[in-house]
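Engineer: this is a predicted model, with the sequence first.
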Amino acid sequence: MGMPDSLFDPEPLQTEAAECIAFVGDEQTHSVVSSVLQQFFADAVVRDGDSSAALAYLAEVPAPKIVIVDIGETNQPLSAMLSLTAAFTDDTQMIGIGEINDIALYRELTEAGVTDYLVKPVSEKALAAAISRSEEKSKVEAAPTPQASPEEVHKVVVVGARGGVGASTTAVNLAWIFAEEKGMKTALVDLDLEFGTIALSLDLEPTRGLREALETPARIDNLFISSATAKLSDNLSIMATEENLAHGHSFSPNAVGVLFETLAHENGCIIVDLPRALYSVRDQVLNEATRVILVTELSLPALRDSIRLLGIIEEAAPKTPITVVANRCKGGQQAMGQGEFQKALGRKVDLMITDESKVFNDAANSGKPVVNQSGRSKAAKSLRSVVDIVNNDASGAEPKAGKKSWLNLGGAKKTKATGKKS
């Protein structure tokens with residue numbers, strides 16, 4: 001076992017809290033840890049030992065800001081770190097160093113309160129990055145959490161009644177208006193991890209980290225969010241990914257709340273494109289929303305699915321206002337009339353977006369939102385009206401979807417042959 005670097009005297013017990021205390025079990029790790037800690041701290045302590053030695057020593061000294069522990073020689077790394085996390089408050093950040101390179105173990109450790117886990121042989125670069133993340137997390141946790149009211153941070157969830165009705169396009173344009181026309185810091189999140197089109201529509205490279213955030217919310221902090229987003233402009237950031245179709249996902253129940261809360265630290269508006277079939281976190285996302293935008297079209301299948309989705313939304317977030325937007329409206333050429341659709345839906349359609357195929361196609365081909373590419377179009381004006389609704393949210397009651405059959409399109413109808421009601 002190598003002797004500690006003389007710069008870090010391990011013998012005397014600390015009478016004041018050290019910024020960082022490390023316990024390592026081999027010479028290579030000792031050398032890396034000592035070298036890196038010299039760069040970060042003036043009073044760091046590096047000692048030989050494992051988690052048991054760390055528990056014994058730390059029971060006699062004030063709690064440091066960061067504890068680094070070598071758990072490479074234990075057969076139960078999770079249990080070893082749990083013993084340590086239980087001994088300290090959240091003010092102490094824990095970094096584990098071990099032999100097992102397993103993502104499942106990493107997730108278990110971070111969910112248990114460990115800030116980071118590094119696999120041997122540890123490089124100076126990896127350890128320095130882990131310490132930087134730990135310090136950033138400490139700053140975030142120490143800062144007072146802003147108690148944002150719905151008027152201060154818009155959390156707008158956009159969901160389509162059916163695939164292809166234009167929900168993602170609506171989300172992109174709303175985010176652009178808030179960011180570039182209203183001057184509001186805005187985050188646009190595409191929760192369709194496999195087939196999302198937001199990055200593609202804005203000609204952006206998909207980012208990485210959104211799946212990890214939803215699976216391991218302990219990793220979510222301002223630094224993580226910064227690395228997992230693409231900056232489209234000073235005011236608009238995008239979280240959108242393209243995950244492997246062969247891999248399943250297991251999202252943490254509290255991940256959505258943590259993600260929204262962290263995004264709200266830096267943004268005045270959060271726009272979420274929510275796939276209607278994302279069962280695992282759909283209710284949590286809806287419950288976080290300050291307004292839900294349901295995008296549909298005036299057709300029989302869209303009516304049926306709008307009725308079903310309105311029921312889900314009202315059950316998950318009964319007090320959240322809902323705006324129904326009918327897209328691709330063609331006047332007399334569409335499958336259903338507005339009045340007929342509204343009567344069967346049990347509530348009004350708040351906004352109609354005219355079918356301007358050329359406008360939307362030009363925007364898609366240029367990788368720009370409609371409101372940027374064709375700002376004076378009827379569609380752009382309608383999309384700005386949606387933003388006006390969000391900006392003028394009031395506490396008054398809104399119309400609720402009635403429990404009506406999707407086949408009951410206008411009451412009973414008379415047959416031509418008998419004149420009787422069918």
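Structural biologist: Structure received. Residues are numbered from 1 along each chain as shown.
Engineer: show me the shaky parts of this protein.
Structural biologist: Low-confidence segments of the chain, defined by pLDDT under 70: 1-17, 89-90, 137-151, 248, 331-333, 393-422.
Engineer: can you give the domain ranges for it?
Structural biologist: Listed domain ranges for the chain are 20-142, 154-391 (source: automatic domain parsing).
Engineer: can you list the ones you listed in a markdown table and add mean neighbour count?
Structural biologist: (C-beta placed from N, C-alpha, C; glycine too.) Putting those into a markdown table (neighbours: other CB atoms under 10 Å) gives the following:
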| stretch | mean neighbour count |
| --- | --- |
| domain 20-142 | 18 |
| domain 154-391 | 19 |
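Engineer: can you pull out the strands in the chain?
Structural biologist: Remark: strands assigned in the chain by DSSP state E are 20-24, 45-48, 66-70, 93-98, 116-119, 154-160, 186-190, 230-231, 236-239, 269-273, 291-296, 322-329, 351-354.
Engineer: strand partners (parallel or antiparallel) of the last one?
Structural biologist: Going back to what we said before, that points to strand 351-354. Strand 351-354 has its sheet partners listed here by DSSP bridges as strand 322-329 (parallel).
Engineer: alpha carbons only: can I get the partner strand in PDB?
Structural biologist: Only the C-alpha atoms of strand 322-329 are listed here, as PDB (Å, rounded to 0.1, in the frame of the first residue of the first chain):
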ATOM      1  CA  ILE A 322     -56.900  23.100 -21.700                       C
ATOM      2  CA  THR A 323     -56.700  24.700 -25.100                       C
ATOM      3  CA  VAL A 324     -58.100  22.800 -28.100                       C
ATOM      4  CA  VAL A 325     -56.400  23.700 -31.400                       C
ATOM      5  CA  ALA A 326     -57.800  22.400 -34.700                       C
ATOM      6  CA  ASN A 327     -55.000  22.200 -37.300                       C
ATOM      7  CA  ARG A 328     -55.200  21.900 -41.100                       C
ATOM      8  CA  CYS A 329     -58.600  23.400 -41.300                       C
END
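Engineer: contact partners of it?
Structural biologist: 165-166, 170, 291-298, 306, 310, 313-314, 334, 338, 341, 345, 347-355, 386, 389-390, 398 (CB atoms under 8 Å, 6 or more residues apart in numbering).
Engineer: look up how far residue 96 lies from residue 297.
Structural biologist: For residue 297, the distance to residue 96 equals 52 Å [CB to CB, to the nearest Å].
Engineer: now residue 377
Structural biologist: 55 Å.
Engineer: ok, residue 129 next?
Structural biologist: Following CB to CB, the distance that separates residue 129 from residue 96 is 15 Å.
Engineer: one more: residue 318?
Structural biologist: According to CB to CB, residue 318 and residue 96 sit 43 Å apart.
Engineer: same check on residue 50?
Structural biologist: Residue 50 is 11 Å from residue 96, by CB to CB.
Engineer: overlap in contacts, these two.
Structural biologist: 69, 71.
Engineer: residues contacting stretch 219-239, please?
Structural biologist: Residues contacting stretch 219-239 (CB under 8 Å, 6+ apart): 110, 132-133, 136-137, 140, 175-176, 179-180, 183-190, 198-199, 202, 204-205, 207-210, 212-213, 240, 255, 258-259, 262-263, 265-267.
Engineer: run through the residues that contact residue 80.
Structural biologist: Here residue 80 is in contact with 50, 51, 69, 71, 74 (CB under 8 Å, 6+ apart).
Engineer: list the contacts of the last one.
Structural biologist: Right, the one you point to is residue 74. Residue 74 neighbours (CB under 8 Å, 6+ apart): 50, 51, 80.
Engineer: try the fourth one
Structural biologist: Residues counted as contacts of residue 71 (CB under 8 Å, 6+ apart) are 50, 51, 77, 80, 81, 96, 97, 98.
Engineer: touching, the first one and residue 77? I think so.
Structural biologist: Put plainly, it is residue 50. No: judged on CB atoms under 8 Å, residue 50 makes no contact with residue 77 at a distance of 10.4 Å.
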